[in-house]
Every structure is written in C-alpha cells, then in structure tokens.
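Asker: requesting a structural model of the entry that follows:
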Amino acid sequence: MAGRKSSASNIKMQSVDALFGLEQDKGSLAEKIEEVAIDKLYPFNSHPFRVLDDEKMQETVESVREHGIICPLIVRPGKNDGYEIIAGHRRKRACELLGLKTIPCFIRDLTDEEATIAMVDSNIQREELLFSEKAYAYKMKLDALNRQGRRADLTSDQVGQKSAGKTSRETLADNSNESPTQIQRYIRLTCLIKPMLDYVDEKRIAFGAGVELSYLEPERQEQLYQVMQRLCVFPNLVQAKKLKELGKEGKLDENGMEIVLSDEKPAASAVKLQRKKLNEYFPADYSAEQMEEVIYDLLKKWKFEQGDLQKE
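Answerer: Numbering: from 1, shown residues only. The predicted structure is shown next:
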C-alpha cells in the first residue's frame, strides 16, 4: 500500500563499535572499514545460531537494500586468504540474496577464545533463539572463558576478564540476562541426544523435563526415545524426574520406562460424549468400550503429532 513504511524501518541495530570496543577516543575508530569479497567470507566454526531465509531475513534484506550495511561485519583472517565471520552471519546472507559482491567489514586479529566470546555476545540476546541455540552458545562461551582463565596472556578488557573470586559461569552470567543456575540448566541440554533436544526445541518436551532427562546416559536416552515413539507419549516434568532418579540408581530399563510413562495424570472434570453423535462415526455394532478404545488411541496419536505444549 502506498506510503506504508517497511517493517525493516523499525529495526534498531546496536552499534558494532559499542559491542566490540572499536571506539578509542570520541569520534575516532580503532580500525578502518574494508570491503571484503563475499566469496572470501565463511561461517564461524561450529556456529550455533540458525541463519534462515524466513520473514526476519526478508526484513534484513529490505533494510540492506534501503540503507546498506549500517553495522559492518566483524571478521578475522582465516584459511586460504579467507575471513572467518565473528558477527554478521545474517547480514552476509542478506547481501548474498541481494547479489552483492562485497561487504564492509572490520578485520580483527582475535584469538579463538576472544572470537568465540564475541560471536556469542553478538547473538545471544536475540528473542527468537531456540533452546538448543542458547545451550550450545553458552557452552561455547563458557569453554572459552575457562580456557581464557588458564592463560595469562588472555586478559583483554574487550571480551571481559574473569573477576576475582568468580567462576567462569558467574562471569558468563554477568554479561547475560540469565542467572548462573539457569545458564547451567541450558548447558545441560547439550547432553541430550539430538532427537530429544529437537523435542525440547519443538516444546513437545518442556524445558525443565529436558534438563532432567539430560542426566540419563546417551544409550538410555536412545532407549527412552524408542519407548516414547512406541507409546506415543512425551514425559512431563514429574515423569522426567522419576526417570532421572531410576537412572541414577541404575534401575532404569525399558520396562521401567514404560511404567513411568504410563502413569496417569490426576483426573480432571468429566467430559460427556453423546452416543447419537458418536454413532455417525462408528459401526452400529460397536460397544461403548470399543468406541472409547478407538477414541483414546486416536487422541494419543493426535497429541503425539501435535506436540505436548505442557509447561512446568
């Protein structure tokens, strides 16, 4: 519609200078911006964040088309005369979709630890992140902080040094909106096998239940996954805690998993179905018990396909 502003015009991008300490004296930059060929840029190693061609990407494309790259990418020299992207994977993809050949970048010489911390910090505050993205991002940054703490030469104020008397997890929490305990819970999710972690991302398994299940050995998780598929159920928080406890005691087997997952929830208010309406869908000789069995089976399959959106 004529006169309508693009949704991309509402995007507010934080200054890269503020994010990564590129400002020295007021009005001056520590580094100059260089145009780098797109084909020389490659993703950060084990980059945990998705880059999707979705609606938000289209907004980024519109913003770049209208305003250009407001915040240059942060990159570091890499293999084969290329550059590893530290911050700006989505902007790079937007430029690719627009057919641009070069992108403005800040080229920085960063250690692996500094690069990891900067990469995570530039993405972790995004609202649409999956549980798995935050989990692996926090783990990567925590590992980097731990390595940094063991090396005396890594004390750059730019990426934050360990404060006296603080653990790496507490230092990590200082630069996020999460508590040290919540960060630990996120990192636990990285111990889930992929199919189970996918269920957490899809909210078929609640976050808290996923944390509890992460304490099971991988082979037990694989076994549990098969039982869940067979029974068409997802464990709730209470069941997940029970499974964790049985696993800790060395008493968890397939039979035990079936018993725990078959536990009934407290009965809610009764729901009455009219026989007259049900007769439209069942053969005339079906008994009430047969109808009930079919209905429960169909509901179980429907719930499994839709995903259990229960909360803790």
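Asker: name the element Ile74 belongs to?
Answerer: Taking DSSP states H and E as the criterion, Ile74 maps to strand 73-77.
Asker: typo on my end, it should be Ser132
Answerer: helix 131-149.
Asker: look up how far Ile86 lies from the closest residue in space to Lys56 that isn't next to it in sequence.
Answerer: Distances taken as CB to CB, 6 or more residues apart in numbering place Glu128 nearest to Lys56, at 7.2 Å, with adjacent residues excluded. In short, each C-beta sits where N, CA and C put it, glycine included. Separation of Glu128 from Ile86 (CB to CB, to the nearest Å): 21 Å.
Asker: cool, and Arg204?
Answerer: On the measure of CB to CB, Arg204 and Ile86 end up 34 Å apart.
Asker: of these two, which one has the most company?
Answerer: Ile86 (25 against 21; other CB atoms under 10 Å).
Asker: ok, then the element right after the helix or strand of the chain with the lowest mean pLDDT?
Answerer: Every helix and strand of the chain was ranked by mean pLDDT, DSSP states H and E. The lowest is helix 16-20, at a mean of 45. Using DSSP H and E, the helix or strand that follows helix 16-20 towards the C-terminus is strand 34-37.
Asker: tell me which other helices or strands that following strand touches.
Answerer: In terms of contacts (3 or more CB pairs under 8 Å, 6 or more residues apart in numbering; DSSP states H and E), strand 34-37 is packed against strand 102-107.
Asker: so how far is the strand it packs on off the chain centroid?
Answerer: 27 Å (CA atoms, centre = their mean, to the nearest Å).
Asker: now the angle from it to strand 73-77?
Answerer: Put simply, strand 102-107 runs at 70 degrees to strand 73-77, going by axes from the mean of the first three to the mean of the last three CA atoms, to 10 degrees.
Asker: buried residues of strand 102-107, list them for me.
Answerer: Buried residues in strand 102-107, counted by 16 or more other CB atoms under 10 Å: 103-107.
Asker: quick one: average pLDDT of stretch 139-153?
Answerer: Stretch 139-153 shows a mean pLDDT of 75.
Asker: name the residues of it that are buried.
Answerer: Going by neighbour count (16+ other CB under 10 Å), the buried part of stretch 139-153 is 139-142, 144-146, 148-149.
Asker: for these, which one is nearest Glu222?
Answerer: Lys139 (21.4 Å; CB to CB).
Asker: wouldn't that closest one be in contact with Thr190 here?
Answerer: Yes: assessed by CB atoms under 8 Å, Lys139 is found in contact with Thr190 at 5.2 Å.
Asker: any common contacting residues for the two?
Answerer: Here Lys139 and Thr190 have no joint contacts, going by CB atoms under 8 Å, 6 or more residues apart in numbering.
Asker: what's next to the helix holding Ser132, contact-wise?
Answerer: 46, 48-50, 112-113, 116-117, 119-121, 123-124, 129, 154, 159, 161-162, 168-169, 171-172, 176, 178, 183, 186-190, 197-198, 200-201, 207, 210.
Asker: so which of these belong to helices?
Answerer: 112-113, 116-117, 119-121, 168-169, 171-172, 183, 186-188, 197-198, 200-201, 207, 210 (DSSP state H).
Asker: quick check: closest non-adjacent residue to Asp263.
Answerer: Here the residue nearest Asp263, using CB to CB, 6+ apart, is Gln239, at 6.4 Å.
Asker: contacts only, for the one you found.
Answerer: 209, 260-261, 263.
Asker: circling back to that earlier point, quick one, phi psi at the residue nearest to Lys56?
Answerer: The phi and psi torsions at Glu128 (degrees, to the nearest 10) take the values phi -90, psi 20.
Asker: kindly state the pLDDT recorded for it?
Answerer: pLDDT at Glu128 comes out at 84.
Asker: count the neighbours of it for me.
Answerer: 9.
Asker: now it: how far from Ser63?
Answerer: 17 Å.
Asker: could you do Gly250 as well?
Answerer: 56 Å.
Asker: and what of Val260?
Answerer: 50 Å.
Asker: then Thr102?
Answerer: Distance from Thr102 to Ser63, by CB to CB: 18 Å.
Asker: that older thread, the more surrounded of Gly250 and Ser63?
Answerer: The neighbour comparison of Gly250 against Ser63 (other CB under 10 Å) goes to Ser63, with 21 against 7.
Asker: Tyr215 is in contact with Gly247, isn't it?
Answerer: Yes: using CB under 8 Å, Tyr215 is in contact with Gly247, at 6.8 Å.
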